[in-house]
Each structure stands twice: as C-alpha cells, then as structure tokens.
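*Asks:* Fold the following.
(chains A and B)
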Amino acid sequence: MKRIILAFACVLLMASAAVAASPKDTFVFESYGTVRTLDPACAYDVVSHQRIMNIYESLIFFDGSATDKFAPVLATEVPSVENGGIRDEGKTYEFKIRKGVKFHNGNDLTAEDVAYSLKRHMVVDQEGGPMWMMLEAVAGVSSTRKDGKIIDGIFETIDKSIDVKGDSVIIHLPKPFPPLLAVLAYSYGGVILDKEWTMANGGWDGTVKNAAKYNGPAFGAEPLQKIANGTGPYKMVKWAPSNEFIFQRSDNYWGEKPQLNTAIIRYNKEWSSRKLALQNGDADRVTVDAQYLTEVQDMDNIKLFSVPQLSVTGAMFCQKINPEANPNIGSGKLDGEGIPSDFFADINVRKAFLHAFDRQMYIEDVWNNNVTIPTTPNAKGLPYSKEEPVYEYDLEKAAECMKKAWGGKVWEKGFKMVITHNTGNAQREAAALMIAENIMSLNPKFQIEVRNVDWKDYNVAYRKFQYPLFIIGWGADYPDPDNFLTTFMASTGVYGKYMGYKNEEVDKLARYARFEIDPEKRRDAYYRMQDLWYEDAPGVILYQKVDHFAYRSNIDGFIPHPMLDHEWENLKLLKKN
Amino acid sequence: MTAYIIRRLLFLVFVLFGVSILIFGLLSTFSPERRAAAYVTTPKQAENIPLIIQKYGLDKPFYVQYGKWVEQVADGNLGWSLVAARPVAQAFWNYFPTTLELNLFASPLVIIVGIWLGTMSGVHRDSFFDHSTRIAAIVGWSLPTFLFALILLMVFYGYLDMFSPGILSSDLSLWVANNPDKFVRYTGMYSIDGLLNGRLDITLNALSHLVLPVVTQVIVVVALLMRVMRSGMIEEMNKDYVITAKAKGADFKTIYKKHAKKNALIPVITVAGQLVALSMEGSIAVEVVFNRQGMGWWLAESATQLDMPVLMSVCMFVGLVFVTSNLIIDIMYAYVDPRIRLH
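*Replies:* Below is the predicted model:
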C-alpha cells in the first residue's frame, strides 16, 4: 500500500513539474478583471474592452501613445479637413473602407457592414451602456429613451445620420463634434461587426421599423454577449467567466501576422499567487496594484512600465448638501455642532481645505513618488492640458481663510462634519485623514470625522448630495478635455451637478468648446476653464492614476497609452523571445 | 423507512420556501438605489440608476418583486448573474464542479484521517501520540485558512516550483479548448473527465493542481472531526461494557475497533455530515489563494456586489444540501446504531 501511495505521489510530482513555464508561442496574462459582455454595443468596462478590441477592430485606433493622433485600421485613412474626410465645418466625416478584409467566419468586410455596425450599436443602447457618446454626436441626445420611453423619431435620425457611398461610409452630424474620432477609436461605439452574422445571431435586423424590439436589452439579453466574430488579429477560442479567456491567432487576418499564436488571460485575484506565477514564468504578465509595486521592482527578469492614465481622482466640495436626516453635517447649522448645507459655498472654506492638503507629503509618503498630481481635472496627457498654480500647503493661510469664512462665524463657533471615502482605497483614506487632521489642527473647535463607506453605497449617497466632501475618480471615456472639464465643472456635468457648483462662464465655455472645431479657439476655451478651476477652487485634485505593467523580460512590443489601463493588452504587438 | 424519506423530502419544499422568503426579505432591506448600483461599473453609468430601478422594478412592493421572482423560477429562469456574466443556472454548472472536485478528494480524506487520528488519540489517551495530535489539531483549527494556504503556496510553488495554482496547466487547457470534440466535459471535473476521455495526463495534471488545496482543506477541517472522535472514544472506553469486556480478557483491538469505535461514531457522523454539507458552499480562502474559482468565490463576490439572483439561488441550494445531508445522516444513524429506528 505504501509503495502504491509513494508511486502515485511521484507521478503527481512529475505531472506538476511538467507544468512549468507558459508555452513559447503563448502569452499568459494573469489579472483580476472580469468580462461582463462581448457585445460591443453594451460593453462599458475596460476588461470587456480589451477582449473586444483584440477580436474586433474599429475604423481607426490611437497612433502609438498619442491621445490626439490616430492611425487607420479598417478605414484606409484617418479623415481630416486636409484630406477632405472632414467637411461641412466638421459636420460630415467620410471613412474610406479597407478592401480585402475578412471576418473570422470568412465573410468579407463591406462598407455596408460598417454602416450597419455604427447604427446597430446606437439602436441597442443598453441602459447604462456606452452609447451616449455616439448618440450625443449623431443625434444630440444622450439616450434613445426619455423617461423610459423611446424618443419619437430617434431611430430615423440614427438611420439617416450614416450613409454608404461606394466604398465609403459617411457620418452626418447635426453639430460639429470634435471628439468624434476619439470616440470611434475606442470600443465604445466604433467596433465593426459582420452584418449578416449579427442578424443571423439575433441582432438588429437593420430596419427602422423593428428597431424598438432590439432597443435597451436587459443585462445578459444582448445577442452577442458571449459570441464574437470580428476582423481582428485574434479570435476567441474559449471564455470561461472568471476563469480564463483564450485567444487564438486568426489565419485570415488582413494585417501583419502577429507573432504569438495563442494568448490566455487568466483570472487570478490573489496577488501572492500572481506574483509567484510571474516569478516562475507561468505568467508572462500580471496585473500589479500600486501597493505591490516595490515587490515587483525587486524581482529579476522583469520589465516594469508605469503608465500615467487618463484617470483623475479628486475631493469634491458639495455646495448644496442635502440637509434631510444627514448625519454627515451634524446639526446642519453653523453652531459648532454641524455645518449648514451651503457651508462650502463660501470660497474661503474651500480655499482653507485646499491649503490644508500637503501635496508633497502625499506624493512621497502615500505614493512612494509613483504618482502625478495634475493641477486641474484636465489630466496630463490630454489635449490642452495646462499647468495652473496650486494653493500651496500652508496652515497659516488655511487659518486666515477660515477666519474670513462666513463673516468669521466659522472660526468663532467651530464646526463638525464627516468626510467619507470608499472602503478599501488606502490612498483616498490617506487623503481624507490628511485633510481632516490638518483642518482640525487649525482650531480645536473644528471637528472632522473620517468614515469609510462601501463603494456601491458611496455611489448612491454622493448622488443624493449627502456628503459635504466626496472623493471620487473619473476615467476617460474618450481622450478629450470635454470628457473631464465638463464632467467636473459644468453644472450639468456628472460630478459638477453633485458638487452644486455653478459658474455661468464655465457652463458657457463647456458648451462652446465641445462643438468648436477651430483647435485654437477650443484651446483658449479649455485654458480659461482651467483658470477658473483655480480661481473658483471647487475641489482638490488628489492624483492621476498610474498603472503598472509587469512583463517577463522576454516579452517585447508593449506600447504604453494613457487611455489603455492595466487590463489592456494589444496582443498583436507582442513578441516573445 | 421509505415513508420517512418521502416525508422528509416533502418537508424540503417548505424549507426552501422559508429560505427564499428570508433571503429575499433580507435583500429587500437594501434600498432600490443600492440594489440598482450592482448593475453599475462607472460613475457615468450611475446616472442611470433611476432608470435601472424602473426597468427591473426594484421599487415595487416586496410581494410584487418576490412574486415576479417565483414566477421566473417556475419558468426555469433563475435570473442573470452579473458576477459570472452568465445565467445563474449556467454559472452554477461552471463553478459547482470545481468545488465538488475539491471536496471529492478532500472530504474522504478528512473523514478517514479524522476518524483514525481521533480513535488513536482516544485509545492511547495522554500518550505522546495523543498530545502531538491534540496540539496539531489546535494549531490546525486555529490557523486562518488563508494564511495556511499562502504558506503552502509560497513553499511549494514559490520555492520548489511544484503544484502550481489553477485548475489545469496552460498547454493542456489550450488543448482542451481547441479539441472540444476529442475531450468531452462530462462532469466539469478535469480529474474525472480525463479518465472518462482516456487522457490520463489530464487527470494527473488536474490532480497535481489539487494537491495543495486538498491538503489545506484537510488540515484545517480535520481537527474538529478528530476532536469529536477522540472525545467519543474516551467516553466509550470508560463505559461499563468496555470495562466488562476488558475484565473478561477480550482482545483490546477487538474492544475498541468492533465495539467502542462504532458507538463513538454517532456524533462523528453528525459533524462529518455537516462539514461535508458546508464544504459544498466552497471555501473562499482556498479558492482565491489557489486560483480555483468555485462556489465559495462566486458566493462571496455575489454577496459583495449584491448579485441578488445568485444569492437567492445559492442560498436555496445550500438549504437543499443541508436538508439532504441531514436526511443522509439520520439514515446512517439507523445503520450504525440498530437501536435507532426511523418512522
């Protein structure tokens, strides 16, 4: 019996030893992101985006690391005013479609497929999906529905906005929309499908009459949720959710043949396990969170890239706090036991908080110098990013501002309030604690409690104006100042409105710059908005996210891009030596 | 006996109804916004929370929402799992085999090793063996599973480069994915499917991936069973019938193997049954550290993200497992102790 057990153990050991190191023509990437859907009309997360963009292709893609320059993919050239591809003062875009491109199922790519795909994504427009970008450009609305009902004539508008003319596809816009190319370069609207295949698999039948039937599917009911057929360099072999996703090189890819035959993206939530997989060569790349960076820096045979992302986190002052049964503002009055709902409407209070944030210490102690802090929400790497002055860390100045605030009543009476951050985010917690402690050091009558809140609850509460100061991040939907400055500053912006911040000039500039095609006029408008960020001090920018890409040293070909975060991998560029 | 089993199985319907009401009620205490937030991944999407509430009727009264859920389940639709990105029923068959495979190897080992160690400890009370196993049991029971799993991972995979985490090695996983016609997933468990498909290499590879998770599971769980068995043995060994047997000069091995051990098994069956039932929920620590996403991972992620259809279905499944395991335990009582009769 003992011999049998011993022999079995030896066989297991041999089986285990034979496992080591990923195969030579295979790339193994271990990460913890999960895919929600493969339907390009509905995918609105970076993990799904990565899978989709290696299987499907768009008309254009980012050129190298640039955010404002594009390279043609399924289009033969990037439309511009110079080549006549953009005309009618920015209201018409013409894309000439590449010939000789085949889908994975062998069907040829046609201009008809392109027009169908662009329309189909907007027709589908899942609740909470990414199609608001294309819809805003093409139809001037952010959804095909209003109050749960389909907007009259919306499908006709979508249908008329995209034409096929010979081998070209023409997009007609009601107004110029300069970020259009940036939107089309990502998977949030620009992915091209095989019309015949999509229709055969239950996708939109291409008619306006029946469009409503395909509109707003429930989560999981989208027909392309788990199947894929693109023109991209890789096809999907297997998707076992939260286990592994396997790509295989497509034999009929029109472009340069990628070196790697196969790629496995494996779910692995535990850092120690990921790290050991990288160390032992079982993984060619793993996702590294900021807190583990030093562990990877000490490892041999590893290439590490730290890439600042178009993702900004800030502490936002709410100037219209909800006073109803709100435990975060104490008594709701400036009586030393709470704060009034418009506490932050006084710019002196805001400036005091800004002076209480020690940027240098935050960079060094919290981030180990592995972070950048932009001066405005227009992150570094975006067009028209401008370096503004900052309210330097100075507690004396903070005290001066507090003495002026509310006619001296703040200093005299003191206040109590709560700063919240989402649970599990150490960097946000550190920022909240730093601000709270520095403000409390100004006057013993100032009392701030820092609390953590589960992310899902946080997301609900700040939208109900319950937090006097909410700490939140924003990642780019498309690399354009419109997606950041409007979000943070306009009174209708996703965060601007929950900050209760309203400046007529800002709103006017945001509306104007979004549709302005003259780059210089756009630049001036966005520069002015950034000046106003400094002048009005509506929030504290805490950091710009930096993602870390750790590869085995025998992997080449990675091109960093600020739009493409740590879940991204452009498989066709990779080479394994 | 048959009437008893049928009665108990009928009782199951009421248990499941009770569990569903309880879980649905608990989940309904979360605000509609909080439940809608489960569908949201970005702040921009959060803007659609009111529309999501409307679409899925999350603001409707409890009985309306529960009625809708019952109606769906009656139609065979358990809902959509956001966490698994699959219908709940399909996702269940993705995750359950992983958990079952681990327990298929771990549970018999837990029971055999636990009973053996407990018996030996009880019989040789206060010996060196007894003290050693008791200390090991205390350490095993007190050690956080997560930490113990990590230690094993670091030592075996980190330093010795053996027993890598995961379910199957990359090359074999690729082969299986590329050859669906040559490798049929009969059970979803590679160790079994390898045998059924005549691929011993896949079975051995899958088993090599199971070594560390199984060792972790056994060491952490065996302690309780061992302690119960030991106590039972000590109690039985001091009873009059054992003393009489000893006085009559019966063989010591016969006394504890044939008489005392059988009697000491009653509480062990209860504990073992509960442990096996509990293990069907999966172990989040083992699954995360050894990268084997099963029921434990799925349930934990679903609870974190408030994936209601999953929580409902998995809790019902757990209820089903516990009722069934209790029934099996009762039947085993009758087998082990002829004095017990099931009516």
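*Asks:* I'd like to check which residues are in contact with the closest residue to chain B within the stretch 51-200 of chain A.
*Replies:* Residue of the stretch 51-200 of chain A nearest chain B, by CB to the nearest CB: A:Gly128 (4.1 Å). Yep, even glycine has a C-beta here, placed from its N, CA and C like the rest. When contacts are counted by CB atoms under 8 Å, 6 or more residues apart in numbering or on different chains, A:Gly128 touches A:44, B:39-40, B:45, B:48, B:51-52.
*Asks:* what distance separates the start and the end of stretch B:296-316?
*Replies:* 15 Å (CA to CA, to the nearest Å).
*Asks:* Only the buried residues of that stretch, if you could.
*Replies:* B:296-302, B:305-316 (16 or more other CB atoms under 10 Å in any protein chain shown).
*Asks:* Run through who's touching it.
*Replies:* By CB under 8 Å, 6+ apart, the list of residues contacting stretch B:296-316 reads A:242, A:269, A:456, B:16, B:19-20, B:23-24, B:27, B:30, B:34-35, B:37-38, B:69, B:78-84, B:88-89, B:91-92, B:95, B:99, B:281-288, B:295.
*Asks:* Okay, now the unreliable bits of chain B?
*Replies:* Counting by pLDDT under 70, chain B contains low-confidence residues at B:340-343.
*Asks:* what's the longest helix in it?
*Replies:* If you go by DSSP state H, chain B has its longest helix at helix B:200-237.
*Asks:* ok, it near chain A or not?
*Replies:* Yes - if you take CB under 8 Å from any CB of the partner chain as the test, helix B:200-237 does meet chain A, through B:201, B:204-205, B:207-209, B:211.
*Asks:* same deal with stretch B:76-89?
*Replies:* Yes - Stretch B:76-89 is in contact with chain A by CB under 8 Å from any CB, via B:80, B:82-87.
*Asks:* May I have that stretch exported as CSV, CA atoms only?
*Replies:* Extracted in CSV, the C-alpha atoms of stretch B:76-89 (Å, rounded to 0.1, in the frame of the first residue of the first chain):
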residue,chain,number,x,y,z
GLY,B,76,-37.0,27.7,-15.1
ASN,B,77,-35.3,31.1,-15.2
LEU,B,78,-33.1,31.7,-12.1
GLY,B,79,-32.0,35.1,-13.4
TRP,B,80,-28.8,36.6,-14.6
SER,B,81,-25.6,36.6,-12.7
LEU,B,82,-23.8,39.9,-13.1
VAL,B,83,-20.7,38.5,-11.4
ALA,B,84,-20.5,35.4,-13.6
ALA,B,85,-21.8,37.2,-16.8
ARG,B,86,-24.0,34.1,-17.4
PRO,B,87,-27.5,32.9,-16.5
VAL,B,88,-27.4,31.7,-12.9
ALA,B,89,-28.1,28.0,-13.8
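*Asks:* So which bits of it are buried?
*Replies:* B:78-86, B:88.
*Asks:* Now tell me what touches it from outside.
*Replies:* Applying CB under 8 Å, 6+ apart, the contact partners of stretch B:76-89 are A:34-37, A:218-221, A:225-226, A:241-242, B:38-39, B:69, B:72, B:90-92, B:94-95, B:298, B:301-302, B:305, B:307-310, B:312-313.
*Asks:* Keep only those of those that are in helices.
*Replies:* Short answer: these in helices (DSSP H) are B:69, B:72, B:90-92, B:94-95, B:298, B:301-302, B:305, B:308-310, B:312-313.
*Asks:* From those residues, pick the one nearest A:Trp132.
*Replies:* B:Gln305 (23.3 Å; CB to CB).
*Asks:* Chain A contacts on the stretch 151-300 of chain B?
*Replies:* B:153-154, B:157-158, B:161-167, B:169-171, B:173-174, B:177-178, B:201, B:204-205, B:207-209, B:211, B:288-291, B:293, B:297-298.
*Asks:* any idea what sits nearest the spatially most central residue of chain B, other than its immediate chain neighbours?
*Replies:* With distances taken as CA atoms, centre = their mean, B:Ser279 lies nearest the centre of chain B, 1.6 Å away. In space, and not counting its chain neighbours, B:Ser279 is closest to B:Asn103: 4.8 Å by CB to CB, 6 or more residues apart in numbering or on different chains.
*Asks:* Out of the residues of helix B:200-237 next to chain A, which end up buried?
*Replies:* Buried members of the residues of helix B:200-237 next to chain A, scored by 16+ other CB under 10 Å, are B:204-205, B:207-209, B:211.
*Asks:* could I get those residues as TSV with distance to A:Gly90?
*Replies:* Listed next are these as TSV, based on distance: CB to CB, whole Å:
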residue	distance to A:Gly90
B:Leu204	64
B:Asn205	59
B:Leu207	63
B:Ser208	61
B:His209	57
B:Val211	63
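*Asks:* if we can go back for a sec, report the two of the contacts of A:Gly128 separated the most.
*Replies:* Among the contacts of A:Gly128, A:Tyr44 and B:Leu51 lie farthest apart (CB to CB), at 14.4 Å.
*Asks:* And the two? Which one has more around it.
*Replies:* Applying other CB atoms under 10 Å in any protein chain shown to A:Tyr44 and B:Leu51 shows that A:Tyr44 carries more neighbours, namely 23 against 17.
*Asks:* Is there any residue in stretch A:369-380 that contacts chain B?
*Replies:* No - Stretch A:369-380 stays clear of chain B (CB under 8 Å from any CB), getting no nearer than 13.0 Å.
*Asks:* Show residues contacting that stretch.
*Replies:* Contacts for stretch A:369-380 (CB under 8 Å, 6+ apart): A:290, A:293, A:306, A:308-312, A:314, A:359, A:362-363, A:384-390, A:474, A:476, A:481, A:484-485, A:487-489, A:526, A:529-530, A:533-534, A:541-544, A:546, A:562.
*Asks:* rerun that using 6 Å as the cut-off
*Replies:* Around stretch A:369-380, the neighbours that count as contacts under CB atoms under 6 Å, 6 or more residues apart in numbering or on different chains are A:308, A:310, A:312, A:359, A:363, A:385, A:387-388, A:390, A:481, A:484-485, A:488, A:530, A:533, A:541, A:543-544, A:546.
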